[in-house]
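Asks: Here's a sequence, model it:
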Amino acid sequence: MGGKDLLIVAGEASGDLHGARLLEELRQIEPRAAAFGLGGDELQQAGLDPVAHSSEISVVGITEALGVLRRAREIFSLLLQEVDRRKPAAAVLIDSPDFNLRLAKALKKRGVDVVYYISPQVWAWRRGRVKSIARWVDEMLVILPFEVDFYRRHGVEAVDVGHPLVDEVPSLPQVWDREEPVREPFQVALLPGSRSSEIKAILRTLLRAAEELAREVSVRLVLIKAPTIEREQIDQVLSEFDLDVDVVSKDRFEHIAASHLVLCASGTATLEVGLLGTPMIVVYRVGVGSAFIGRLIIRLPHVSLVNLVLGREAVPELLQDDASPEAIASLASSLLGDPKKIRMMRNALSELRGMLGESGASRRAAKQVLVHLEEE
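Replies: Residues are numbered from 1 along each chain as shown. Now for the predicted structure:
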């Protein structure tokens, strides 16, 4: 490889994790690989030389992004300065399309091969971006089975490497697998998201729903904190409620598998929960401005990745005004009291692992990246 450097840019938590696994595999194949760029704790632990931390620009929603615009511009300039200094042979850009597609254009003008890993959801909204991808991206490494055909129809070279979560999420015994009848208290897990903006928009709604649910059935609450979220932010919101909530940041998969039901913010976490087979309700809320714009441009029958991959509403989705605490609690109570519905949901979720590809996604992605690093 001649000691060539690699730029990696991941702007949020799941991209940080997937990027870290790719970098670990790449360095096993080619120990001389040296990476720098934008990432979080996972990528830095995997050996990324950071220009900045991804948490500085990780938000959800169009209007919410305005709050980090100045810092995003600063980081953009810092990355290009480092690119000009280190002259990487290739770049791996992970999701975060508003930031990364602009960066892809600047990189291509500098002669850097651009590999895009984890496709932006252009098949869902703002499809015009696929023209930019065709122009500025050398290769798309996609992780969802329906994405290859979409990109090839638009003249973009795409390779399905499979979903890295297939390796990341283990198969664990489920609380619903026990032979004895399920009795209260029900363990309910809360997954409010991996971005600070999601905590602000969703956590209070989930906690109010938990209050309502606790009036109907006996529950034990577990809040699973993402590594990108500060504990202080969680505690500040919890202080507003008279609820006994166990906040955990380790062994997240074990806690999910031990739960009877998960109240989950839409995003990659829905796939984690789905791969574990735990029944869930998908909840999502964004700011009024983002919601209005989103309704105009999103073209999907479902929002959660679980339902999109399965091609049907296998798990219920409560979005925006429909995601009231009362509605969430009512649906949760009806699910916990209906073993037939729980069984149907679990049967649907059991299909998910097979649809996301074989194990070894991160290594396959690393091999594709290595091809670009070795090109002269």
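Asks: rest of the way, CA atoms for contacts and neighbours
Replies: Fine.
Asks: Would you quantify the distance from the residue nearest the centre of the chain to residue 307?
Replies: For the chain, the residue lying nearest the average C-alpha position, counting by C-alpha atoms, centre = their mean, turns out to be residue 268 (3.2 Å). The gap separating residue 268 from residue 307 is 12 Å, by C-alpha to C-alpha, to the nearest Å.
Asks: three-state assignment of residue 188?
Replies: Secondary structure assignment for residue 188 (DSSP: H, G, I helix; E, B strand; the rest coil): strand.
Asks: Tally up the residues packed near it, please.
Replies: The number of residues packed near residue 188 is 24, by other C-alpha atoms under 10 Å.
Asks: show me what contacts it?
Replies: 219-222, 259-263 (C-alpha atoms under 8 Å, 6 or more residues apart in numbering).
Asks: Let's see which of the residues you listed end up in helices.
Replies: Assignment to helices by DSSP state H places none of the contacts of residue 188 there.
Asks: Including pLDDT, could those residues go into CSV?
Replies: Output for these, formatted as CSV (pLDDT from 0 to 100):
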residue, pLDDT
219, 97
220, 97
221, 98
222, 98
259, 97
260, 97
261, 98
262, 98
263, 98
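Asks: The residue nearest to the centre of the chain reaches residue 12, doesn't it?
Replies: No: Residue 268 is beyond contact range of residue 12, at 11.0 Å (criterion: C-alpha atoms under 8 Å).
Asks: Give the intersection of the neighbour lists for the two.
Replies: With C-alpha under 8 Å, 6+ apart as the test, residue 268 and residue 12 reach no residue in common.
Asks: Which secondary structure state is assigned to the residue of the chain most remote from its centre?
Replies: Most distant from the centre of the chain: residue 180, at 34.9 Å, with distances by C-alpha atoms, centre = their mean. Three-state call for residue 180 (three-state DSSP): coil.
Asks: Kindly report the same for residue 120.
Replies: Following three-state DSSP, we place residue 120 in the coil state.
Asks: how near is the closest residue to it other than its chain neighbours to residue 89?
Replies: Spatially, and ignoring its direct neighbours in sequence, residue 120 is nearest to residue 95 (5.2 Å; C-alpha to C-alpha, 6 or more residues apart in numbering). Here the criterion is C-alpha to C-alpha. By it, residue 95 lies 20 Å from residue 89.
Asks: ditto for residue 321
Replies: When distance is defined by C-alpha to C-alpha, residue 321 is 47 Å away from residue 89.
Asks: neighbour-wise, which of the two wins?
Replies: Higher neighbour count among residue 321 and residue 89: residue 89, with 21 against 10, using other C-alpha under 10 Å.
Asks: if I look at that one, how far off is residue 340?
Replies: Per C-alpha to C-alpha, residue 89 is found 55 Å from residue 340.
Asks: which residues sit in contact with the closest residue to residue 323 other than its chain neighbours?
Replies: Spatial nearest neighbour of residue 323, chain neighbours left out: residue 283 (6.2 Å); criterion: C-alpha to C-alpha, 6+ apart. Counting by C-alpha under 8 Å, 6+ apart, residue 283 makes contact with 202, 263-266, 317-319, 323.
Asks: now the residues you listed as a markdown table including distance to residue 109?
Replies: A markdown table is the format used below for the contacts of residue 283 (distance: C-alpha to C-alpha, whole Å):
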| residue | distance to residue 109 |
| --- | --- |
| 202 | 40 |
| 263 | 45 |
| 264 | 41 |
| 265 | 38 |
| 266 | 36 |
| 317 | 42 |
| 318 | 43 |
| 319 | 41 |
| 323 | 45 |
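Asks: between the residues you listed, which is closest to residue 142?
Replies: The closest of the contacts of residue 283 to residue 142 turns out to be residue 266 (C-alpha to C-alpha; 19.4 Å).
Asks: Near that closest one, how many other residues are there?
Replies: So residue 266, with other C-alpha under 10 Å, has 24 neighbours.
Asks: so it makes contact with residue 302?
Replies: No: under the criterion of C-alpha under 8 Å, residue 266 makes no contact with residue 302, lying 10.6 Å away.
Asks: how far away is the residue nearest to residue 165 when sequence neighbours are not counted from residue 168?
Replies: Leaving aside its chain neighbours, residue 165 sits nearest to residue 272 (7.0 Å; criterion: C-alpha to C-alpha, 6+ apart). Residue 272 is 9 Å from residue 168, where distance means C-alpha to C-alpha.
Asks: What of residue 179?
Replies: 28 Å.
Asks: Do a quick rundown of the helices in the stretch 101-250 of the chain.
Replies: Here the stretch 101-250 of the chain has its helices, by DSSP state H, counting those that start in this stretch, at 129-136, 147-153, 165-168, 196-198, 204-216, 231-238.
Asks: Please name whichever of those is nearest to residue 348.
Replies: helix 165-168 (16.5 Å).
Asks: Residues contacting that closest one, please?
Replies: Residues outside helix 165-168 that contact it (C-alpha under 8 Å, 6+ apart): 271-272, 275, 353, 356-361.
Asks: Using PDB, write out every CA atom in it.
Replies: The C-alpha trace of helix 165-168 is given here as PDB (Å, rounded to 0.1, in the frame of the first residue of the first chain):
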ATOM      1  CA  LEU A 165     -25.000  -5.300  12.800                       C
ATOM      2  CA  VAL A 166     -25.400  -9.000  11.900                       C
ATOM      3  CA  ASP A 167     -22.100  -9.500  13.500                       C
ATOM      4  CA  GLU A 168     -22.500  -6.800  16.200                       C
END
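Asks: From the chain's centroid, how far away is it?
Replies: How far helix 165-168 lies from its chain's middle: 13 Å, per C-alpha atoms, centre = their mean, to the nearest Å.
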